[in-house]
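Participant: sequence and predicted model, in that order:
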Amino acid sequence: MRLGHIADCHLGHHRYPAITAEGRNRREQDVSDAFNACVNGIIAARVDLLVVAGDLFDSARPSIAALSDCVRGLLRIRQALPKMPVMIAAGNHDASRIETSGYEGSSPLAIPSHVGAKVVLRAERVSLPALSAHVMVVPDRDIGRVALEPSCAAGTHLLLAHGKFSASLYRLPEAECLSPESISPAFAYAALGDLHVASSVA
């Protein structure tokens, strides 16, 4: 299985006063360009499954430009790879903590679901029979609340989670981080988010 793993795209993130010639915040454009480069790589690699490990958006109220970046990117992926599943775990930036089910509060995560992505707001196990795979998806709100262990079903088991682990470069107190040992070694791969740099957790 060829897996595409991206995380913490933070579409809509802006900082500093610099503006592009088109009138967009320079840092927001940089983030958009990086996301488009990821989309190009996913399409070129012809991945079998794409997982987004949280914080697709920088906030629960992203700009129209950020929403447009998301839709255009996912539609390009859907056109090039129409049968490839796309799974998105909600992160701490793009999903409100008060959401309990569905997409209350006009969450921006409703947008990718309308272009064929499976968006997960609460911890869930998803089976992908065509790939003989099972994905345990743990959004930020449920990290630390559920055991990070695969089911007993036959096939390849993957973890998709957004949360802080002790490998974080932010050097948060250990009490705020999960230990890498909390991830069962029975997973073939753990696709993690919230680290902001490519990191080997364990």
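Facilitator: The structure has been received and is ready for your questions.

Participant: name the residue most distant from the centre of this protein?
Facilitator: Among residues of the chain, the one most distant from the C-alpha centroid is residue 21; the distance is 30.2 Å, by CA atoms, centre = their mean.

Participant: could you measure it against residue 73, distance?
Facilitator: 22 Å (CB to CB, to the nearest Å). In this view, the C-beta of every residue, glycine as well, is placed from N, C-alpha and C.

Participant: so which elements touch the lowest-mean-pLDDT helix or strand in the chain?
Facilitator: Of all regular secondary-structure elements in the chain, judged by mean pLDDT, DSSP states H and E, the least confident is helix 110-113 with a mean of 90. In terms of contact count using 3 or more CB pairs under 8 Å, 6 or more residues apart in numbering; DSSP states H and E, helix 110-113 is assigned the packing partners helix 64-80, strand 118-120.

Participant: what's in contact with that helix?
Facilitator: Residues from elsewhere that reach helix 110-113, judged by CB atoms under 8 Å, 6 or more residues apart in numbering: 56, 67, 70-71, 74, 86, 88, 103, 119.

Participant: tell me the one of those nearest residue 149?
Facilitator: Of all those, residue 149 sits closest to residue 88, with 21.8 Å by CB to CB.

Participant: so which residues of the chain form strands?
Facilitator: 3-6, 49-52, 86-89, 118-120, 124-128, 133-138, 156-162, 189-193 (DSSP state E).

Participant: most tightly packed of these?
Facilitator: Scoring the strands of the chain by mean neighbour count under mean count of other CB atoms under 10 Å gives strand 86-89 as the most buried, with a mean of 27.

Participant: and that strand, average pLDDT?
Facilitator: Summarised as a single mean, pLDDT over strand 86-89 is 96.

Participant: direction included, what does it pair against?
Facilitator: For strand 86-89, the paired strands and their directions (DSSP bridges) are strand 49-52 (parallel), strand 118-120 (parallel).

Participant: list the buried ones in the least confident helix or strand of the chain?
Facilitator: When neighbours are counted by 16 or more other CB atoms under 10 Å, the buried residues of helix 110-113 are found to be 111-112.

Participant: so which of the helices and strands packed on helix 110-113 is the most surrounded?
Facilitator: Compared across those, strand 118-120 shows the largest average neighbour count, a mean of 21 (mean count of other CB under 10 Å).

Participant: what score does the residue nearest to residue 133 when sequence neighbours are not counted have for pLDDT?
Facilitator: Distance criterion CB to CB, 6 or more residues apart in numbering; nearest residue to residue 133, sequence neighbours excluded, is residue 156 at 4.6 Å. According to the predicted model, the pLDDT of residue 156 comes to 96.

Participant: quick one: residue 156 from residue 119, how far?
Facilitator: Shown here: residue 156 relative to residue 119, a distance of 22 Å by CB to CB.

Participant: that'll do, ta.
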